[in-house]
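Engineer: sequence unknown, structure follows:
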DNA sequence: CGGACGCCCTGGCGGC
DNA sequence: TGCCGCCAGGGCGTCC
């Protein structure tokens, strides 16, 4: 379940192993992997040929490979189970190999997009003058972006008629936060997921943002979280931050602050993990 | 128009 | 043992 730290680990891997290489050819093995490219897999593959890959960028959970001197970029979203692997040509095809990109050099490696659940995908888009693919203009800056505006985020929360976890997962307000890091940051902030955002004070918002950044930086420092074998970084190496999680997946286990058994509640077709003592629900459920 | 929710997809796993 | 249903969940289309 790649969120911002995992995607950033992948981006760094691509910068190391793929940047500045020229595409020889590409191959799309599953149409759903390029469903955001309306002209289809063959067209997608053909349009990459001959272009040199620039330095990979990221915003939230999206990452993209600029194609030099084209005004375009290959946009990638890993969804829930997507992986970008750099593999030797002769490595056997992964069971869920969806796209393969070969390069016009003698390094002997190729880029592979592998995705079991096919929620992720690749697509090709025009970029705006600042380099951002046009289709993700609506994605907010992420909390590790130096240009993220804390004050504007606070004002947006105050304006919204919604609850705090919904807001954290709203990629148009703040990007890169998924279910795992939302629960972790809320636990650190002693905030219940159903707290209305309109009541958050400026110090509470600042504290929440601080915890989001802390937990993401901690995950980055150890190479991203891996909850199961589905997430593997660009070199095929699993992260191991899951050992440090304080909330996510800890139903029934003692809260690391107060020892009260942690709870799991169904929430928006997924789960929220929280401590019933440290994270008190709002008096009136909105 | 903003907020809420259903759907897309596959495989592991628990229960019967 | 085999089968069924649940669960994981990001993003977007659609509905109210």
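Structural biologist: Everything's here; your move. Note that the structure is predicted; figures quoted are calculated from it, not measured.

Engineer: all helices of chain A, in order?
Structural biologist: When secondary structure is read from DSSP state H, chain A shows helices at A:4-17, A:41-48, A:150-159, A:164-169, A:179-189, A:202-221.

Engineer: Just name the most buried of these.
Structural biologist: For the helices of chain A, average neighbour numbers computed from mean count of other CB atoms under 10 Å are highest in helix A:179-189, which has a mean of 24. (Glycine included, C-beta is placed from N, CA and C.)

Engineer: Can you give the contact residues for that one?
Structural biologist: Under the contact criterion CB atoms under 8 Å, 6 or more residues apart in numbering, helix A:179-189 has outside partners A:1, A:3-5, A:164-165, A:168-169, A:177, A:192-193, A:204, A:207-208, A:211-212, A:214-216, A:219, A:225, A:227, A:245-248, A:270-275, A:278-279.

Engineer: is DNA strand B contacted by it?
Structural biologist: No: residues of helix A:179-189 are not located near DNA strand B by CB under 7 Å from any atom of the strand, the shortest gap being 12.3 Å.

Engineer: How much space separates the residue nearest to residue A:123 when sequence neighbours are not counted from DNA strand B?
Structural biologist: Nearest residue to residue A:123, sequence neighbours excluded (CB to CB, 6 or more residues apart in numbering): residue A:36, at 3.8 Å. With the distance defined as CB to the nearest atom of the strand, to the nearest Å, residue A:36 ends up 13 Å from DNA strand B.

Engineer: now swap in residue A:211 and tell me
Structural biologist: Taking CB to the nearest atom of the strand, one finds residue A:211 at 22 Å from DNA strand B.

Engineer: Return the residues of the stretch 151-286 of chain A in contact with DNA strand C.
Structural biologist: With CB under 7 Å from any atom of the strand as the criterion, the stretch 151-286 of chain A comes near DNA strand C at residues A:169, A:171, A:178-180, A:248, A:264, A:266, A:269-271.

Engineer: same check, this time on the stretch 1-150 of chain A
Structural biologist: The interface of the stretch 1-150 of chain A toward DNA strand C, taken as CB under 7 Å from any atom of the strand, is made up of A:1, A:3, A:60-62, A:77, A:79-80, A:117, A:119, A:135-136, A:138.
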